[in-house]
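1. what's the 3D shape of this:
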Amino acid sequence: MRGSFEGQFAPGSKVEHPELGEGVLLAVEASGFARVFFRDIGERQVAVSALRDAKPGIGQVIAGLKPATAESLLKLRLAIEAEELP
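-> Numbers count the residues shown, from 1 in each chain. Modelled structure (predicted):
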């Protein structure tokens, strides 16, 4: 688990804990725990498995984007045309 987390996040990455909120990753320990600094409560040691990437709002939008297909573009064009109808 440690290896997969280190490959995804580097020290200084923003992470989110379900109970403690957003924090900054300081280090990942060999024990499977990470040291994280939380603004309101300071530094805590938490299980790596409880952390996830804390993407900013726009990052979540970008991560959810999918490539356009011919069908989705047709639906978009028809929806725009329908809006323009009197």
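
2. now what about the helix or strand harbouring residue 72, what contacts it?
-> Residue 72 is part of helix 70-84 when elements are defined by DSSP states H and E. For helix 70-84, there are no external contacting residues (C-beta atoms under 8 Å, 6 or more residues apart in numbering). C-beta coordinates here come from the backbone N, C-alpha and C atoms, glycine included.

3. so residue 46 sits against residue 34, correct?
-> Yes - applying C-beta atoms under 8 Å as the test, residue 46 and residue 34 come out as touching, 6.0 Å apart.

4. the two: which is more packed in?
-> residue 34 (26 against 18; other C-beta atoms under 10 Å).

5. kindly confirm my reading that that one forms part of a helix.
-> No - under DSSP: H, G, I helix; E, B strand; the rest coil, residue 34 sits outside any helix and is assigned strand.

6. what residues are up against it?
-> 5, 15, 25-28, 45-48, 51.

7. I'd like the next helix or strand past the helix or strand bottoming out on mean pLDDT in the chain.
-> Sorting the helices and strands of the chain by mean pLDDT, DSSP states H and E puts helix 2-8 at the bottom, at a mean of 51. Using DSSP H and E, the helix or strand that follows helix 2-8 in sequence is strand 14-17.

8. pull out the buried residues from the helix or strand just after that next one.
-> Following strand 14-17 in sequence order, the next helix or strand is strand 21-28 (DSSP H and E). For strand 21-28, a neighbour-count test (16 or more other C-beta atoms under 10 Å) marks 23-25, 28 as buried.

9. could you redo these as a markdown table and give each row pLDDT and distance to residue 10?
-> What follows is the buried residues of strand 21-28, written out as a markdown table (pLDDT from 0 to 100; distance: C-beta to C-beta, whole Å):
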| residue | pLDDT | distance to residue 10 |
| --- | --- | --- |
| 23 | 93 | 14 |
| 24 | 94 | 11 |
| 25 | 95 | 8 |
| 28 | 91 | 10 |
